[in-house]
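K.L.:
here are the coordinates; sequence isn't available:
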């Protein structure tokens, strides 16, 4: 029977050096989430490895794999068995010397629906992703799964209203953000830590409000070298209200029931999409509006 309601889950874990262990633990967490009623399950960014982008190291390219490839196949078999949709973020080896930060979407029958390649690539202390990843060239994507139409964006994408808007305009009902973000481990200021995490939550809540969609961000936890990942995975509704969230220091499965009928209700009461002045936005294609 068709239902507007769907339970989603975010898997928030720490990662080890052993890729096989990380993959196995992710599968265990997916099973746990499915047993609790989740129908769409998102893993965190680059879940099979530690966050290797803290340094520029040629050896880390050995982590890359074809997409679809071995990890995708594992996820397909698991999705088919559990009848769940899985979102899995992987280090894609597209060709020799060409790599992407990529999320695959597997439908509840185990079919491979496609992939999204991360569009916005950071290059900051501790986040040297431009060394590894070519910006995505597939555009912003939506995936019509058995349970809902979803959009997938990845980590640094979450700071850009344009990415959320374009994905929502393509019909996404829920925006998923697999993420790996944290504090510098030697950051002593509790105020700075709180401000950074609050900014991260606030910008994503604003995407939910501006577009009238659910937003779900899955982050990792634990210390890895010079970064302390702040977890705090959460789901918010189209009003930007936090429905469920995890603590910043603990592994967790975050479950939330999303009633997609609320999207229509919200958009009819706050008709931001109706009132957009699309003919005035052409200058958004410019880098800066110089005199």
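P.N.:
Yes, it's here. What you see is a predicted model; the values in this text were computed from it and never measured.

K.L.:
my read is that residue 55 contacts residue 128, right?
P.N.:
Yes. At 6.8 Å, residue 55 counts as touching residue 128 under the criterion of C-beta atoms under 8 Å. Bear in mind the C-beta positions are built from the backbone N, C-alpha and C, glycine included.

K.L.:
those two: which is more packed in?
P.N.:
Each of residue 55 and residue 128 has its neighbours counted (other C-beta atoms under 10 Å); residue 128 has more, 18 against 12.

K.L.:
give me the pLDDT value at that one.
P.N.:
With respect to pLDDT, residue 128 scores 97.

K.L.:
quick check: residue 233 vs residue 286, distance?
P.N.:
35 Å (C-beta to C-beta, to the nearest Å).

K.L.:
quick one: which of those two has more around it?
P.N.:
residue 233 (29 against 8).

K.L.:
so that one makes contact with residue 255?
P.N.:
No. Applying C-beta under 8 Å as the test, residue 233 and residue 255 come out as separate, 10.8 Å apart.

K.L.:
got any residues that touch both of these two?
P.N.:
When contacts are counted by C-beta atoms under 8 Å, 6 or more residues apart in numbering, residue 233 and residue 255 have no shared neighbour.

K.L.:
list the residues that contact both of residue 55 and residue 128?
P.N.:
Residues touching both residue 55 and residue 128 (C-beta under 8 Å, 6+ apart): none.

K.L.:
buried residues in the longest helix along the chain, which are they?
P.N.:
In the chain, assigned by DSSP state H, the helix with the most residues is helix 190-211. Using 16 or more other C-beta atoms under 10 Å as the test for burial, helix 190-211 gives 193, 196, 197, 200, 201, 204, 205, 207, 208, 209, 210, 211.

K.L.:
find the residue closest to the second one in space, skipping its chain neighbours.
P.N.:
Think residue 196. In space, and not counting its chain neighbours, residue 196 is closest to residue 183: 6.5 Å by C-beta to C-beta, 6 or more residues apart in numbering.

K.L.:
swap in the fourth one?
P.N.:
Computed as C-beta to C-beta, 6+ apart, the closest residue to residue 200 that is not its neighbour in sequence is residue 181, at 6.3 Å.

K.L.:
so the residue nearest to residue 196 sits right up against residue 227, yeah?
P.N.:
Yes. Counting by C-beta under 8 Å, residue 227 is a contact partner of residue 183 at 7.2 Å.

K.L.:
looking at the two, which one has more neighbours?
P.N.:
residue 227 (22 against 19).

K.L.:
which residues touch residue 6?
P.N.:
Residue 6 neighbours (C-beta under 8 Å, 6+ apart): 39, 40, 147, 148, 257, 258, 260.

K.L.:
show me what contacts the second one?
P.N.:
Which is residue 40. 6-9, 84-85, 87, 145, 147-148, 150, 174, 176.

K.L.:
pull the number of nearby residues for the residue lying closest to residue 93 once chain neighbours are set aside.
P.N.:
Leaving aside its sequence neighbours, residue 93 sits nearest to residue 64 (C-beta to C-beta, 6+ apart; 3.7 Å). Neighbour count for residue 64, taken as other C-beta under 10 Å: 20.

K.L.:
cool, and residue 14?
P.N.:
Residue 14 - counted by other C-beta under 10 Å - has 17 other residues nearby.

K.L.:
make sure it is actually in contact with residue 221.
P.N.:
Yes. Using C-beta under 8 Å, residue 14 and residue 221 qualify as a contacting pair, with a distance of 5.3 Å.

K.L.:
mutual contacts of those two, please.
P.N.:
Both residue 14 and residue 221 are contacted by 229, 251, under the criterion C-beta under 8 Å, 6+ apart.

K.L.:
so which of the contacts of residue 6 comes closest to residue 106?
P.N.:
Distances from residue 106 to the contacts of residue 6, taken as C-beta to C-beta, are shortest for residue 40 (10.4 Å).

K.L.:
list phi and psi for that closest one.
P.N.:
Dihedral pair for residue 40: phi -130, psi 130, per degrees, to the nearest 10.

K.L.:
so what's it bridging to?
P.N.:
residue 8, residue 85 (DSSP bridges).

K.L.:
returning to that earlier point: the contacts of residue 6 in strands, which ones?
P.N.:
Within the contacts of residue 6, residues falling in strands by DSSP state E are 40, 257, 258.
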